[in-house]
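# can't give you the sequence, but here's the structure:
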């Protein structure tokens with residue numbers, strides 16, 4: 001009877017493990033997603049940090065948190081992106097893959113102070 005219990009337990013566990021292996025092989029970007037997540041904060045009409053270094057040739061995600069009491073627009077002609085972030089709100093941008101280089105961005109509503117660059121390398 002012990003042998004039957006062991007087999008009954010191991011077969012579903014083995015099938016589950018095999019399924020996880022297949023998923024990780026078919027979708028390798030899922031395992032790396034956290035490595036390509038970046039954060040930007042808008043505070044006092046400035047982007048912090050003002051420079052973000054990302055891996056070239058890979059998609060990535062930027063979470064933008066606006067801590068100001070006024071809205072701001074993330075804009076980049078080089079990245080072909082525009083996104084309004086509400087006052088005290090957040091937004092998510094998916095970008096890439098990018099060639100190696102510098103990609104400036106700015107805040108449309110505060111161009112003089114809200115500036116930054118994404119560096120792909």
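Received it, and whenever you're ready, just let me know what you need. Since the structure is predicted, the reported quantities are computational estimates derived from the model, not experimental observations. Numbers count the residues shown, from 1 in each chain.
# so how far is residue 81 from residue 44?
22 Å (C-beta to C-beta, to the nearest Å). Yep, even glycine has a C-beta here, placed from its N, CA and C like the rest.
# more neighbours, these two?
residue 81 (15 against 10; other C-beta atoms under 10 Å).
# number of residues surrounding the residue nearest to the more buried one when sequence neighbours are not counted?
Of all residues not flanking residue 81 in the chain, residue 93 sits nearest, at 6.1 Å (C-beta to C-beta, 6 or more residues apart in numbering). Using other C-beta under 10 Å, residue 93 has 19 neighbouring residues.
# over to residue 45?
Neighbours around residue 45, by other C-beta under 10 Å: 16.
# also the one 3 residues further on?
Other residues near residue 48 come to 13 when the count uses other C-beta under 10 Å.
# my guess is it meets residue 41, correct?
Yes. At 4.7 Å, residue 48 counts as touching residue 41 under the criterion of C-beta atoms under 8 Å.
# what's the weakest-modelled helix or strand in the chain?
Ranked by mean pLDDT, DSSP states H and E, the weakest helix or strand in the chain is helix 28-32, scoring a mean of 46.
# in terms of secondary structure, what does the helix or strand following it contact?
Where DSSP states H and E defines the elements, the next helix or strand beyond helix 28-32 is strand 37-43. Using 3 or more C-beta pairs under 8 Å, 6 or more residues apart in numbering; DSSP states H and E, the elements in contact with strand 37-43 are strand 46-48, strand 51-54, strand 60-66.
# mind putting the ones you listed into JSON lines with mean pLDDT and distance to residue 35?
What follows is the helices and strands packed on strand 37-43, written out as JSON lines (pLDDT from 0 to 100; distance: least, C-beta to C-beta, whole Å):
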{"stretch": "strand 46-48", "mean pLDDT": "98", "distance to residue 35": "21"}
{"stretch": "strand 51-54", "mean pLDDT": "96", "distance to residue 35": "10"}
{"stretch": "strand 60-66", "mean pLDDT": "97", "distance to residue 35": "9"}
